[in-house]
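Chemist: prediction below, plus the sequence it came from.
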Amino acid sequence: MLKQADFFSLNYFNHGSDHPETAENFLDFITSWNFLHLENLNGFISLAFVSLIVLVYLTGVVRLIKKPFFSKTKLFFISVSVFLLVFVLEGPIDYFAEEMFFIHMIQHLTLMVVIAPLLLSANAMPVFIWGTPKPIRGIISKPFAGESKLKKLLGVITKPRYSLILYIVNLYIWHIPFFYNLTLKYDTFHFINHAMFVFMALLLWWPIIGPAPVRSNLSNPQKIVYLLLAVTPSAALAAFITLSGDSLYAYESTPLHWNMLSHVEDQTWGGLIMWLPGNFLFLGVLTTLFFRWAKEEEGSALPRIEN
């Protein structure tokens, strides 16, 4: 029987210097999928994980595709989300994320700013619930029905003041070098890290585009303020990482891919990716919300014509 310390020190992956050759071009990158390496336990775990996600997704689609309420547009967005989820968690992104900080940052930005809002806007949960066997489907859906404790808890933590705080705290805690380095050293923390980033990203976006059974009543101006409050601490953290000048995280023993000169340079690129592309993605949503608000104001300002 595993002791608690043994559980947190389990390692399934090849970390860092275990990759014998450095990647130099796009082909080296795109052909590096975790489940293609069946010479270790990680390959089998990855293959099982990807197979399960795809099987549940396809089963749900087959069961819902002919339903009148099932939108083909939502199906497209869910399909994109599933592909990206597999790509960043089991594909080349994850394969190199533990060796290059800037790849790790691309991974987390994709999870937080692309996949999470896509899943919420497309209301993907019913597809995955319908993709499970009937007994499991009942167990999963029951807590979301009626006035269950889980539904009440979701109603609390998806309120803007709580979801915002939880998102920011989670973001900062995992970028403290001590906790970040745990994810590089131990696979248990690696899995917890991914799970918490996905969950907190869903909480962050829920007041903006969250589906039933819990919906937000924020107006467009309130949503703009909410996102500005979310993006400002993120930008501050990105600026600190970019301008630190010292290596903050334990990548020293890992190889440098794509002719990167040093781990400090890798960290600088990672900070810049978090700072600029990350903020631009938020800016795109803010712009959309602003024009929606302007359209609402324009419509309410038009004089009514009475017969």
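Modeler: Yep, that arrived. Numbers count the residues shown, from 1 in each chain.

Chemist: what helices or strands is the helix or strand hosting Leu55 leaning on?
Modeler: Secondary structure assigned from DSSP states H and E places Leu55 in helix 41-64. With contacts taken as 3 or more CB pairs under 8 Å, 6 or more residues apart in numbering; DSSP states H and E, helix 41-64 sits against helix 72-90, helix 125-130. From N, CA and C alone the C-beta is placed, and that goes for glycine too.

Chemist: so of the ones you listed, which one's packed in deepest?
Modeler: helix 125-130 (a mean of 20; mean count of other CB atoms under 10 Å).

Chemist: ok and the helix or strand just after it relative to helix 41-64, angle-wise?
Modeler: Beyond helix 125-130 in the direction of the C-terminus, DSSP H and E gives the next helix or strand as helix 134-141. For helix 134-141 against helix 41-64, the angle by axes from the mean of the first three to the mean of the last three CA atoms, to 10 degrees is 90 degrees.

Chemist: mind giving me the packing neighbours of helix 134-141?
Modeler: For helix 134-141, the packing partners by 3+ CB pairs under 8 Å, 6+ apart come out as helix 125-130.

Chemist: got the CA positions of stretch 67-82 in CSV?
Modeler: C-alpha atoms of stretch 67-82 as CSV (Å, rounded to 0.1, in the frame of the first residue of the first chain):
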residue,chain,number,x,y,z
LYS,A,67,-31.8,15.8,-31.7
PRO,A,68,-33.5,19.0,-32.8
PHE,A,69,-31.9,21.1,-30.1
PHE,A,70,-28.4,20.0,-31.0
SER,A,71,-26.6,22.8,-32.8
LYS,A,72,-24.1,22.0,-35.6
THR,A,73,-22.3,25.2,-34.8
LYS,A,74,-21.8,24.1,-31.2
LEU,A,75,-20.6,20.7,-32.5
PHE,A,76,-17.9,22.4,-34.4
PHE,A,77,-16.7,24.4,-31.4
ILE,A,78,-16.8,21.4,-29.2
SER,A,79,-14.8,19.4,-31.8
VAL,A,80,-12.1,22.1,-31.9
SER,A,81,-12.0,22.2,-28.1
VAL,A,82,-11.5,18.4,-27.9
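
Chemist: tell me the mean pLDDT over it?
Modeler: Stretch 67-82 comes out with an average pLDDT of 84.

Chemist: could you shift the numbering so residue one becomes 57, and keep it that way?
Modeler: Noted, 57 is the first residue going forward, which turns the last one into stretch 123-138.

Chemist: can you list contacts of that stretch?
Modeler: Contacts with stretch 123-138, where a contact means CB atoms under 8 Å, 6 or more residues apart in numbering, come from 109-110, 113, 117, 120-121, 171, 174-175, 177-180, 183.

Chemist: picking that back up, out of the helices and strands packed on helix 97-120, nearest to Trp325?
Modeler: Closest to Trp325 of these, according to CB to CB: helix 128-146, at 17.5 Å.

Chemist: and the helices in the stretch 157-306 of the chain?
Modeler: Remark: helices of the stretch 157-306 of the chain, listed N- to C-terminal, are 157-165, 172-177, 181-186, 190-197, 205-213, 216-230, 233-241, 243-265, 276-299; assignment by DSSP state H, counting those that start in this stretch.

Chemist: in CSV: those, plus mean pLDDT and distance to Leu83.
Modeler: Supplementary listing: those in CSV, determined by pLDDT from 0 to 100; distance: least, CB to CB, whole Å:
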stretch, mean pLDDT, distance to Leu83
helix 157-165, 90, 16
helix 172-177, 87, 28
helix 181-186, 84, 33
helix 190-197, 79, 40
helix 205-213, 79, 43
helix 216-230, 93, 32
helix 233-241, 89, 26
helix 243-265, 87, 26
helix 276-299, 90, 29
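
Chemist: looking at these, which is buried most?
Modeler: Mean neighbours per residue, mean count of other CB under 10 Å, is largest over the helices of the stretch 157-306 of the chain for helix 157-165, with a mean of 23.

Chemist: output the contacting helices and strands for it.
Modeler: In terms of contacts (3+ CB pairs under 8 Å, 6+ apart), helix 157-165 is packed against helix 128-146, helix 148-153, helix 319-357.

Chemist: buried residues in the last one?
Modeler: Of the residues in helix 319-357, those scored as buried under the neighbour-count criterion (16 or more other CB atoms under 10 Å) are 319-320, 322-331, 334-335, 337-338, 341-342, 345, 349.
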